[in-house]
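Undergrad: Dropping the sequence and predicted coords here.
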Amino acid sequence: MITVYDVLRRPIETEKSRHQSGKLHQYVFEVAPQATKPQIKEAVETLFDVEVQKINVIVAPAKKGRRGRGRRMVVRKAQYKKAIVTIRADQTIDVFEGVK
């Protein structure tokens with residue numbers, strides 16, 4: 001059984017997610033791979049005290065990365081699951097505020 005505190009792993013802070021949080025009231029989180037939309041909604045509403053309107057879930061595929069200078073070492077970056085959470089227009093999530 002997955003708890004509310006295990007669903008959300010970390011906020012994803014990129015230039016695109018910063019724009020989405022400011023203009024579109026959408027916040028991006030990395031979530032547990034087995035988390036479902038109802039579990040994500042419950043976790044966000046419980047932890048941040050906001051009303052969730054919509055959730056989009058994306059599984060980012062695994063990628064090959066390169067490391068090293070001389071002999072190029074090919075490493076595999078694991079896949080992860082992220083959720084784009086849309087909240088009411090008059091609410092904000094404080095985790096994303098003040099990050100530059």
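TA: That came through, no problem. Predicted model only: the values in this text are computed from it and were never measured.

Undergrad: Name whatever forms a beta bridge with the residue positioned nearest the centre of the chain.
TA: With distances taken as Cα atoms, centre = their mean, Phe29 lies nearest the centre of the chain, 1.4 Å away. For Phe29, the beta-bridge partners are Pro11, Ala83 (DSSP bridges).

Undergrad: ok, it to Arg66 distance?
TA: Distance, Phe29 to Arg66, using Cβ to Cβ, to the nearest Å: 28 Å. (Each C-beta comes from the backbone N, C-alpha and C, glycine too.)

Undergrad: Ok, Thr36 next?
TA: 35 Å.

Undergrad: out of those two, which sits in the more crowded spot?
TA: Ranked by neighbour count (other Cβ atoms under 10 Å), Thr36 and Arg66 place Thr36 first, with 14 against 8.

Undergrad: what residues are up against that one?
TA: Counting by Cβ atoms under 8 Å, 6 or more residues apart in numbering, Thr36 makes contact with nothing.

Undergrad: In contact with the closest residue to Ala35 other than its chain neighbours, which residues?
TA: Nearest residue to Ala35, sequence neighbours excluded (Cβ to Cβ, 6 or more residues apart in numbering): Val7, at 4.7 Å. Val7 is in contact with 31-32, 35, 39-40, 42-43, counting by Cβ under 8 Å, 6+ apart.
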